[in-house]
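Novice: fold the following for me, if possible:
(one chain, ligands or ions: 1)
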Amino acid sequence: MSEATNQLDVLVVGAGFGGMYMLHRARQLGLRAQVLEAGSDVGGTWYWNRYPGARCDVESLEYSYQFDEALQQEWQWSERYAPQPEILAYCQHVAERFDLRRDIEFNTRVLSAHFDEAAKRWSVTTERGQTFQAQFVVMATGCLSVPNVPEIDGAERFKGPIYHTGRWPKEGVDFTGKRVAVLGTGSSGIQSIPLIAQQAKSLTVFQRTPNHSVPAQNKPLDPTLEAAIKKNYADLRARNAQETIGFGARHPSNQGSVLEASPEEREAQFEYHWQLGGLLFMRAFGDMGLSAEANEYAAEFIRNKIRQKVKDPATAAKLLPDTAVGCKRLCADSGYFETFNQPHVSLVDLQETPLKGLYEDGVETESGRFEVDAVVFATGFDAMTGALSRIDIRGRAGQKLSDAWAEGPKTYLGLQVVGFPNLFTVTGPGSPSVLTNMLPSIEQHVRFITDAIADTKAAGLSTMEAQQGAQDAWVGHVNEVGNATIYPSCNSWYVGANIPGKPRVFMPYLGFPAYCEKCDAVKAAGYEGFERAA
Ligand code: N01
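Specialist: Residues are numbered from 1 along each chain as shown. Predicted coordinates for the structure are as follows:
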C-alpha cells in the first residue's frame, strides 16, 4: 500500500448518488477521499437495475442533484420520469464533469471495516486483497442494493436462465419466443412485466401479495415546463424541501380528511391524484397515511380501478390488494394491470396455490407445473441494512455492527451508531431516506457528514461518535412516529418482513422536512448528541 493510501481522511464505500457527491464535497472541503465501488462504473442503484421498464418514480427534473447550478441547467431529461439508461448516463456525466473517476476504484467490493482504537483509524479491506486506512469511513452503500434472491427448492435443477431484476445483465435479455415466469409483483415486477410480455411467447406471473399501483402517467418532458423550472430552479428546490416527501411541490397536496369529505369530493380528489400519477396519489388526502379507516377509501378506489381495467373477473379478483395503500411502497406503472388482458399472460396466485419450487423445466406450485424457458426474480432487496450487514464492520472493542443491530438497526439520526466512531451512513436506517426524494436526502446527509468531518478535523479532534442517550432517544422517537401511521402495518421491506429472520422494525424515519431542521440544530449546537474527542 502506498503511503498516500494510508493518509486518507475519508474512505467512501459506494459510487452511487451518495458516494459520488460525498467524494465531490469532500474534495471541496480539502479532505483526501477515496471511493471503493463493487460495480465497474458509477450509478449504484441505476448501474445494477437494468431490467426492462426500470425508471424512477420521482419526476426527472426533481430526482437530480441540486448542488451545482450549471449541472442542473445543462442536463436535459427526455421524459417526465427518467428511464434507467438516462439516469445512468446522468451519473456518468456527473462523474466526468467533476472528474470523479480518478478517486474511485471500481470492481472493488469491500469486505471489512475495523476500527483501531489506539490509532483512531479505520482499516478497510477489499475482495481484491487491498487494505486502506482512513480516519473516517462513509457507507454510501444504498438502501436497496442487495438483491433478495429467495432460497427456492430446485433452483439449481432449472435448466434455463434465472435473472434478478436488481442484477440484470448489461447486455440485456431477449425474451422473444420464450416462455417466461416472473416471481414478484413489487415496483420492479410491476414495471418489467408489461415489457417482458411484449417480447415473450408466454408470461406467467407468480404473485405472493397483490400490490397497489397507480399509473405513472409518464410522457415526454414538456420543454416549456423544463424552461420554466430552469428559469428559477432554486425556487422549485426550496419548495420541494418543505414537502413531506421532498418532491411534488408543483402539484397541490390536499391536507383534508377522507373521513370528512363527501363521497363526491372523495372521488374527485382520488381521481385527480390518480391522473397526476404514481406516488402523487398519496397526496389525495392528509389522513391516508395516518388512519386505517381513511386509507381504506383509497384502497377501495384503487381496487375499483383494477376491476375496471382487468377484463377477466377471476384474474381481477386475484389482483385486488388487501393491504393499506402506501404501507408497501406504492408502485407506479405503465400498463401493468392491462397486461393481464393479453391472451399469452397469466397470473398464478401463490396464496391460493403456494410455491413448491423450480424443477428442470419450470416452476412448480401446489396446483401443478408451469413449463418455462426463463425465470425472473423480481423479489426485491435486503433493504436498508442489507449492504451494511454484508460487510464485517467492527467498532470499539471489536464489536460487530451485526451484533449491535441484532434486534434491528439503531442509529442516531440515521447517521451514526454508538460504538462505531467516525463511521457514517448516508441515508441510513432512522433517517427519512426511502420515504423521500432520495437525491435531496442524500445531499443533505452528505453536507452534514462532510461538514462534521471537516469541523472535527479543524477543531483538532480525532473522533466523532453518537452518544448512547441521544441514540436511544432517537430510536424511540423514530418508532413512535412510525407506529402512529399505517406504514408498519404490512409485511413490507420497510419493516424487513421480506427477509426471513430479519427483525421486524420500521426502519426509515417519517419526519421530513423537520428532520433537516433537527440536523441543522444539532450541528449549530456543536454536534449535540455526538461526542467529539481528541
Ligand atoms: O421489491 P419488493 P422491488 N416467493 O420487495 C415477492 C424501489 N424501486 O424490487 O409482497 C414469492 O417491493 C414479494 O412478495 P410479498 C421501491 O422503493 C423503485 O419490486 O413479499 N414471491 C413482492 O411481490 C421499491 O419498493 C422503482 O409477499 C416473493 C416482490 O417479490 C423497492 O425498490 C422501481 C418471494 C418484491 O417486491 C423494492 O422493489 C423498482 C418469494 N420467496 C424498485 N420473495 C421505481 O422508482 C419476495 N417475493 C419505480
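
Novice: quick one, strands of the stretch 51-200 of the chain?
Specialist: With DSSP state E, counting those that start in this stretch, the ranges of strands along the stretch 51-200 of the chain come out as 104-105, 110-116, 121-126, 131-139, 162-164, 179-183.

Novice: quickly note the distance from F377 to G189.
Specialist: F377 sits at a distance of 9 Å from G189 (criterion: CB to CB, to the nearest Å). Where you see a C-beta, it was placed from the backbone N, CA and C, and this is true even at glycine.

Novice: swap that for F281, please
Specialist: From F281 to G189 the distance is 19 Å (CB to CB).

Novice: list the contacts of stretch 278-295.
Specialist: Contact with stretch 278-295 is made by 57-58, 81, 214-217, 245, 248, 251-259, 261, 266, 269-270, 272-274, 276, 297-298, 324-326, 330, 332, 484-487, 489, as judged by CB atoms under 8 Å, 6 or more residues apart in numbering.

Novice: try it again with 7 Å
Specialist: The contact list for stretch 278-295, computed with CB atoms under 7 Å, 6 or more residues apart in numbering, reads 57, 214, 216, 248, 251, 253-259, 269-270, 273-274, 298, 324-326, 330, 332, 485-487.

Novice: try stretch 527-534
Specialist: 412, 416, 452, 456, 459, 461-467, 470, 522.

Novice: now with 10 Å, please.
Specialist: 120, 412-413, 415-416, 418, 421, 448, 451-452, 455-456, 459-471, 473-474, 518, 521-523, 526 (CB atoms under 10 Å, 6 or more residues apart in numbering).

Novice: same thing with stretch 227-237?
Specialist: Contacts with stretch 227-237, where a contact means CB under 10 Å, 6+ apart, come from 59, 61-62, 64, 66, 69, 72-76, 222, 238, 246-247, 249-250, 439-440, 443.

Novice: mind running it again at 6 Å?
Specialist: Residues from elsewhere that reach stretch 227-237 (CB atoms under 6 Å, 6 or more residues apart in numbering): L61, Q66, Q72, Q73.

Novice: could you do stretch 442-457 as well?
Specialist: Taking CB under 6 Å, 6+ apart as the rule, stretch 442-457 contacts 17-18, 21-22, 25-26, 29, 67, 136, 138, 424, 426-427, 464, 516, 519, 532.

Novice: which of these are buried, as a ChimeraX select command?
Specialist: To isolate the buried ones among the contacts of stretch 442-457 in ChimeraX, judged by 16 or more other CB atoms under 10 Å, type:
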select :17,18,21,22,25,26,29,136,138,424,426,427,464,516,519,532
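
Novice: rewinding a little: out of the contacts of stretch 278-295, which are inside strands?
Specialist: Using DSSP state E, the subset of the contacts of stretch 278-295 located in strands is V214, A332.

Novice: check the contacts of stretch 278-295 against the ligand, which are close?
Specialist: Contacts with the ligand within these, as defined by CB under 6 Å from any ligand atom: D57, A332.

Novice: hmm, back to that, let me have the strands of the stretch 51-200 of the chain in JSON lines, extended by mean pLDDT and distance to the ligand.
Specialist: As requested, the strands of the stretch 51-200 of the chain are exported to JSON lines (pLDDT from 0 to 100; distance: least, CB to the nearest ligand atom, whole Å):
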{"stretch": "strand 104-105", "mean pLDDT": "98", "distance to the ligand": "24"}
{"stretch": "strand 110-116", "mean pLDDT": "98", "distance to the ligand": "22"}
{"stretch": "strand 121-126", "mean pLDDT": "97", "distance to the ligand": "27"}
{"stretch": "strand 131-139", "mean pLDDT": "98", "distance to the ligand": "19"}
{"stretch": "strand 162-164", "mean pLDDT": "98", "distance to the ligand": "9"}
{"stretch": "strand 179-183", "mean pLDDT": "98", "distance to the ligand": "5"}
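
Novice: of these, which is nearest C91?
Specialist: Taking CB to CB, strand 104-105 is the member of the strands of the stretch 51-200 of the chain nearest to C91, at 11.5 Å.

Novice: what's next to that closest one, contact-wise?
Specialist: Under the contact criterion CB under 6 Å, 6+ apart, strand 104-105 has outside partners A15, V35, L36, E37.

Novice: S213 versus the residue of the stretch 151-300 of the chain found nearest the ligand, what's the distance?
Specialist: In the stretch 151-300 of the chain, no residue comes nearer to the ligand than G186, which is 2.2 Å away by CB to the nearest ligand atom. Distance, G186 to S213, by CB to CB: 10 Å.

Novice: neighbour-wise, which of the two wins?
Specialist: Neighbour count, other CB atoms under 10 Å: between G186 and S213, S213 has more, with 26 against 22.

Novice: which residues does that one contact?
Specialist: By CB under 6 Å, 6+ apart, the contact list for S213 reads I190, C331, D333, Y336.

Novice: widest-spaced pair of these?
Specialist: Pairwise distances across the contacts of S213 peak at 7.5 Å for C331 and Y336 (criterion: CB to CB).

Novice: these two: which has the busier surroundings?
Specialist: Neighbours per residue (other CB under 10 Å) separate C331 from Y336, with Y336 holding more: 27 against 21.

Novice: correct me if wrong: the more buried one contacts G189.
Specialist: No. Taking contacts as CB atoms under 6 Å, Y336 lies outside contact range of G189: 8.6 Å.

Novice: Q444 in helix, strand or coil?
Specialist: helix (DSSP: H, G, I helix; E, B strand; the rest coil).

Novice: need the pLDDT of it.
Specialist: Per-residue pLDDT puts Q444 at 98.

Novice: ok, the one 4 residues further on next?
Specialist: Reading off the confidence values, F448 has pLDDT 98.

Novice: tell me, how many residues neighbour it?
Specialist: Using other CB under 10 Å, F448 has 21 neighbouring residues.

Novice: pull out the buried positions in the helix or strand that contains it.
Specialist: Using DSSP states H and E, the element containing F448 is helix 438-458. For helix 438-458, the neighbour count (16+ other CB under 10 Å) marks 438-450, 452-457 as buried.

Novice: now swap in stretch 227-244 and tell me
Specialist: I229, K230, L236, R237, N240, A241, E243, T244.

Novice: who's C331 bridged to?
Specialist: On the basis of DSSP bridges, C331 is bridged to S213.

Novice: now do it against G19, distance only.
Specialist: Taking CB to CB, one finds C331 at 27 Å from G19.

Novice: also K159?
Specialist: Taken as CB to CB, the span from K159 to G19 is 39 Å.

Novice: for these two, indicate the residue with more neighbours.
Specialist: Per other CB under 10 Å, whichever of K159 and G19 has more neighbours is G19, with 28 against 10.

Novice: give me the pLDDT for E3.
Specialist: For E3, the pLDDT comes out at 42.

Novice: can you pull out the helices in the stretch 1-150 of the chain?
Specialist: Counting by DSSP state H, counting those that start in this stretch, the stretch 1-150 of the chain has helices at residues 3-6, 17-28, 45-48, 69-74, 84-97.

Novice: for the third one, name the packing helices and strands.
Specialist: Applying 3 or more CB pairs under 6 Å, 6 or more residues apart in numbering; DSSP states H and E, one finds that helix 45-48 contacts helix 84-97.

Novice: tell me the buried residues in the helix it packs on?
Specialist: For helix 84-97, a neighbour-count test (16+ other CB under 10 Å) marks Q84, E86, I87, L88, Y90, C91, Q92, V94, A95 as buried.
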